[in-house]
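*Asks:* need a 3D model of the following:
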Amino acid sequence: MKRLHLFLIKSFLGPFIATFFIAIFLLLMQFLWKYIDDLVGKGLEFTQIAELLFYASARFVPVALPIAMLLASVMVFGKLGENYELVALKSSGISLLKILFPLTIFVIIIAYGSFLFSNYVMPIANLKNGSMIYDIQKKKPALNIKEGIFYKDIEGFSIKVAEKASDGKTLKDIIIYDHTAKNGNDKVIISESGIMQLTKDEKYLELILYNGHSYIDIAENKRKRKNPYRTTHFKEDLIRFDLSSFSTINNSEALYKGHYAMLSNQQLATAIDSLTIKYEERKITFTKNITDKYTANSEVDSLIAIKPFSRIKIKQQYDIAINKLQTLKSITKSNKDDLEYRKIIITKHNIEWHRKISLAVACLLLFLVGAPLGAIIRKGGFGLPVLVSVFFFLIYHVLSMIGEKSAKDLSMQAYEGMWLANMVFVPIALFLIYKARNDVQLFDFSPLLKRMNQFLKKKEIQ
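*Replies:* Coordinates of the predicted model:
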């Protein structure tokens with residue numbers, strides 16, 4: 001039996017590793033497609049791109065593992081069925097459950113590892129990946145001044161050149177608007193030509209201008225309407241631009257540290273308790289304020305107290321009541337929105353708590369779907385098994401998305417939404433195991449076809 005167990009595990013490891021990395025690659029391509037606009041033209045170094053892809057890949061590990069389990073199990077057991085190895089094992093008295101046993105133990109270990117990864121490694125990967133994406137989105141595009149177009153990516157300046165030489169440094173007919181004083185276009189520099197170059201540390205852009213003029217708008221003279229501009233002529237001038245915003249990306253991890261996707265399950269449980277207590281306190285405070293401050297006759301009683309000997313007109317009473325109701329409606333709506341927002345935040349924390357466990361359980365569940373499915377279809381390789389696996393995973397993924405969205409919309413409890421797909425696949429797994437164990441076809445249409453043939457023969461006789 002030990003040799004059989006080792007044989008099954010060795011047979012499973014190869015396809016599992018291969019499909020795992022294929023799944024990671026496909027998920028990574030989806031990630032790049034989503035953020036391609038934020039990455040292009042930012043002058044990122046290779047190390048920064050590699051770091052971003054590394055953290056993004058780490059985020060996809062818990063999702064890729066169930067996919068790999070399903071694909072590998074269908075492929076391996078399909079190949080065993082195709083080569084009649086399963087038939088040989090069953091004929092020697094080894095049941096399907098005994099065949100599945102060693103791989104099930106292996107898959108449980110992988111599932112537990114998936115949970116540990118989701119709980120301790122993925123929050124760090126999410127933090128690093130989220131902060132890097134934020135910094136890249138905020139980072140300005142790489143320096144690229146084009147002919148005839150105002151370049152505005154250097155803060156406080158707008159630069160336009162009529163012609164740019166092939167060396168990328170020599171410029172002609174240069175116009176520079178200086179907005180650093182934040183008074184509009186109060187300073188303009190015009191030059192016949194110039195040379196553009198970076199300093200050695202690449203922190204500053206130097207622009208050496210030749211044969212030009214600078215025009216400065218003087219507010220004091222402008223009031224007198226006499227020579228509102230001060231003009232300066234120069235043969236050579238040097239302007240230095242600060243490129244700190246074009247340098248290495250900043251570290252924005254502090255912005256994301258409290259985010260629910262960056263927390264372990266222990267931290268999520270603590271945060272959920274804290275948020276729930278605050279939610280209940282807010283609800284009690286709101287109810288108390290409404291009951292204490294907005295009694296039915298408070299405004300009328302105060303008006304009577306001020307004018308004890310005057311009779312209040314009915315119209316005044318109506319106006320007071322209407323104003324009170326409008327105020328009450330506005331306050332109630334505001335507090336309702338606040339309470340609903342707090343509840344959504346609590347739900348998102350609960351969703352993340354259940355996600356880590358449900359994805360780990362999905363590894364075992366999809367294996368128990370894939371293994372009997374492969375034994376039934378009896379086909380190995382990347383053809384039919386992949387097609388069948390993708391079909392089942394799409395069903396699982398759609399159910400997961402529906403459940404998560406319903407939980408976020410508060411139409412379902414968090415645990416109901418995050419476990420919806422798993423609960424649907426439990427009977428599917430049991431059904432497939434039963435079919436494979438008894439060597440029954442997945443869908444046996446022979447009785448139906450037999451009855452149809454009998455019905456057609458009777459029609460012909462008549």
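*Asks:* now the helix or strand harbouring residue 49: average pLDDT?
*Replies:* According to DSSP states H and E, residue 49 maps onto helix 46-82. Averaging pLDDT along helix 46-82 gives 89.
*Asks:* remind me what it packs against, helices and strands.
*Replies:* Contacts defined by 3 or more CB pairs under 8 Å, 6 or more residues apart in numbering; DSSP states H and E place helix 46-82 against helix 2-39, helix 85-91, helix 96-116, helix 122-138, helix 314-377, helix 384-408. C-beta coordinates here come from the backbone N, C-alpha and C atoms, glycine included.
*Asks:* so what secondary structure elements neighbour the fourth one?
*Replies:* Using 3+ CB pairs under 8 Å, 6+ apart as the contact definition, the elements that helix 122-138 packs against are helix 2-39, helix 46-82, helix 253-256.
*Asks:* can you check which of those gets nearest to residue 424?
*Replies:* Among these, helix 46-82 comes nearest to residue 424, with 14.1 Å by CB to CB.
*Asks:* off-centre distance for that closest one?
*Replies:* On the basis of CA atoms, centre = their mean, to the nearest Å, helix 46-82 sits 18 Å off its chain's mean C-alpha point.
*Asks:* repeat for stretch 188-205
*Replies:* On CA atoms, centre = their mean, the centre of stretch 188-205 falls 40 Å from the chain's centre.
*Asks:* list the buried residues of it.
*Replies:* Using 16 or more other CB atoms under 10 Å as the test for burial, stretch 188-205 gives 188-189, 191, 193-194, 196, 205.
*Asks:* export the helices and strands packed on helix 122-138 as CSV, with columns for mean neighbour count.
*Replies:* Formatted as CSV, the helices and strands packed on helix 122-138 follow (neighbours: other CB atoms under 10 Å):
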stretch, mean neighbour count
helix 2-39, 15
helix 46-82, 21
helix 253-256, 14
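*Asks:* distance to residue 101 added to those helices, as CSV?
*Replies:* Formatted as CSV, those follow (distance: least, CB to CB, whole Å):
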stretch, distance to residue 101
helix 2-39, 8
helix 46-82, 14
helix 253-256, 43
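*Asks:* how about those, which one is nearest residue 427?
*Replies:* In terms of CB to CB, the element of the helices and strands packed on helix 122-138 nearest to residue 427 is helix 46-82, at 16.7 Å.
*Asks:* what's the angle between the closest one and helix 314-377?
*Replies:* 50 degrees (axes from the mean of the first three to the mean of the last three CA atoms, to 10 degrees).
*Asks:* what angle separates helix 46-82 from helix 2-39?
*Replies:* 140 degrees.
*Asks:* what angle separates helix 46-82 from helix 96-116?
*Replies:* Counting by the same axes, to 10 degrees, helix 46-82 points 170 degrees away from the direction of helix 96-116.
*Asks:* got the angle for helix 46-82 vs helix 384-408?
*Replies:* 120 degrees.
*Asks:* tell me the angle helix 46-82 makes with helix 122-138.
*Replies:* Angle, helix 46-82 to helix 122-138, by the same axes, to 10 degrees: 130 degrees.
*Asks:* on that earlier part again, nearest to residue 318, of the helices and strands packed on helix 122-138?
*Replies:* Using CB to CB and comparing the helices and strands packed on helix 122-138, the one that lies nearest residue 318 is helix 253-256, at 51.3 Å.
*Asks:* checking residue 201 next. Helix, strand or coil?
*Replies:* Following DSSP: H, G, I helix; E, B strand; the rest coil, residue 201 is assigned to coil.
*Asks:* residue 168: which of the helices and strands packed on helix 46-82 is closest?
*Replies:* Across these, residue 168 has its closest neighbour in helix 2-39 (23.1 Å, CB to CB).
*Asks:* so what does that closest one touch, helix or strand wise?
*Replies:* If contacts are counted by 3+ CB pairs under 8 Å, 6+ apart, helix 2-39 sits against helix 46-82, helix 96-116, helix 122-138.
*Asks:* now for residue 276: which residues touch it?
*Replies:* By CB atoms under 8 Å, 6 or more residues apart in numbering, the contact list for residue 276 reads residue 346.
*Asks:* ok, 6 Å please
*Replies:* When contacts are counted by CB atoms under 6 Å, 6 or more residues apart in numbering, residue 276 touches no other residue.
*Asks:* repeat that for residue 28.
*Replies:* Residue 28 neighbours (CB under 6 Å, 6+ apart): residue 57.
*Asks:* now with 7 Å?
*Replies:* Residues near residue 28 by CB atoms under 7 Å, 6 or more residues apart in numbering: 53, 56-57, 60.
*Asks:* need those residues in a markdown table with distance to residue 166, can you?
*Replies:* Shown next, in a markdown table, are the contacts of residue 28 (distance: CB to CB, whole Å):
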| residue | distance to residue 166 |
| --- | --- |
| 53 | 35 |
| 56 | 38 |
| 57 | 41 |
| 60 | 44 |
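*Asks:* still on that earlier bit, mind putting the helices and strands packed on helix 2-39 into TSV with distance to residue 424?
*Replies:* What follows is the helices and strands packed on helix 2-39, written out as TSV (distance: least, CB to CB, whole Å):
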stretch	distance to residue 424
helix 46-82	14
helix 96-116	18
helix 122-138	25
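*Asks:* quick one: which of these is nearest residue 388?
*Replies:* Closest to residue 388 of the helices and strands packed on helix 2-39 is helix 46-82 (CB to CB; 6.1 Å).
*Asks:* would you confirm that residue 187 contacts residue 178?
*Replies:* Yes - counting by CB atoms under 7 Å, residue 187 touches residue 178, with 3.8 Å between them.
*Asks:* from residue 75, how far off is residue 87?
*Replies:* The spacing between residue 87 and residue 75, counted by CB to CB, to the nearest Å, is 18 Å.
*Asks:* how about residue 121?
*Replies:* The gap separating residue 121 from residue 75 is 28 Å, by CB to CB.
*Asks:* one more: residue 146?
*Replies:* For residue 146 relative to residue 75 (CB to CB), the value is 52 Å.
*Asks:* go on, residue 120?
*Replies:* From residue 120 to residue 75 the distance is 31 Å (CB to CB).
*Asks:* equivalent analysis for residue 85, please.
*Replies:* In this structure, residue 85 and residue 75 are 14 Å apart, going by CB to CB.
*Asks:* and if you look at residue 36?
*Replies:* The value you get for residue 36 to residue 75, if CB to CB is used, is 32 Å.
*Asks:* residues of stretch 87-98 that come out buried?
*Replies:* Across stretch 87-98, burial judged by 16+ other CB under 10 Å covers 89-90, 96.
*Asks:* hang on, the earlier thing: just put the buried residues of stretch 188-205 in CSV and tack on distance to residue 27 and pLDDT.
*Replies:* As requested, those are exported to CSV (distance: CB to CB, whole Å; pLDDT from 0 to 100):
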residue, distance to residue 27, pLDDT
188, 51, 88
189, 50, 89
191, 51, 91
193, 51, 92
194, 48, 91
196, 42, 86
205, 39, 81
